[in-house]
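1. Below is the structure, and that's it, no one-letter string:
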């Protein structure tokens, strides 16, 4: 099994730091052979940073198990003068094989992020995007995201978080996903087939999704009958992931996917094959 979404270090004040050794031990207990480790370099989501340099140092010591991604916040330097290209090129030369997690509090498709996406597309780096009511901001139905994936057809986007997984149903309570105050929540109730998640996964070859965090788990467990069919149908576009952030964090997605009533072929694609395809720099 390959976990496509993990972190390490101190990210939230109320939780102790997640040591690399703790991450590896948890992987061992859960039967996870390898994991993508993502830096946090945007200020919106967490209370501390974990830089790409830190991720590269940590993963270098465990290169057979931990797979480094890079990240850059484009809101640097004086307006119009920041060039992310040499930085991304350096990170790739040092071993990074993807970009993310993108947590900028900008509109989805902001020109500053498009500059980064163009470089990632050129360098064939998959991008992990967090969808929230205040991060990568979109509107109901995710029209900005659709424009983005259409504009960068050779760039593989991996979608994640509340405002993505809330669109798994055709019937959506947008007051939960886009509240007037506070953060996006977790819709409940049966799933009506034909939601935007299905549409985008089906229409665009470069759209994938990871199953991590409460958002992924909630989407899959709110309607089990729908979920098993969904996992089977889109097994070529889905990625097993946990979003492991702090010690002793519950990770119910692991048991869920291990016990899901899907074919062995679908399970293998979700937990291994799709990740290897996207992470070709690491596995080739």
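-> Alright, I've got the coordinates. Just so it is clear, the structure is predicted and the values come from calculations on it, not from any experiment. Numbers count the residues shown, from 1 in each chain.
2. Low-confidence bits of this structure, can you list those?
-> Nowhere does the chain drop to pLDDT under 70.
3. residue ranges of the strands in the stretch 51-200 of the chain, please?
-> 66-68, 99-102, 127-130, 157-160 (DSSP state E, counting those that start in this stretch).
4. could I get the ones you listed as a markdown table with distance to residue 237?
-> For glycine as for every other residue, the C-beta is placed from the backbone atoms N, C-alpha and C. A markdown table is the format used below for the strands of the stretch 51-200 of the chain (distance: least, CB to CB, whole Å):
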| stretch | distance to residue 237 |
| --- | --- |
| strand 66-68 | 20 |
| strand 99-102 | 17 |
| strand 127-130 | 14 |
| strand 157-160 | 10 |
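5. and these as a markdown table, adding distance to residue 188 and mean neighbour count?
-> Converted to a markdown table, the strands of the stretch 51-200 of the chain look like this (distance: least, CB to CB, whole Å; neighbours: other CB atoms under 10 Å):
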| stretch | distance to residue 188 | mean neighbour count |
| --- | --- | --- |
| strand 66-68 | 34 | 24 |
| strand 99-102 | 25 | 26 |
| strand 127-130 | 21 | 25 |
| strand 157-160 | 19 | 26 |
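6. So for residue 7, which of these sits nearest?
-> strand 99-102 (8.1 Å; CB to CB).
7. ok, and what's touching the closest one?
-> 5, 38, 40, 42, 69-71, 88, 113, 116, 120, 125-130, 136, 158, 160 (CB atoms under 8 Å, 6 or more residues apart in numbering).
8. So which of those residues belong to helices?
-> 88, 113, 116, 120 (DSSP state H).
9. Let me see the contact set for the second one.
-> I take that to be residue 113. Here residue 113 is in contact with 74, 102, 104, 106 (CB under 8 Å, 6+ apart).
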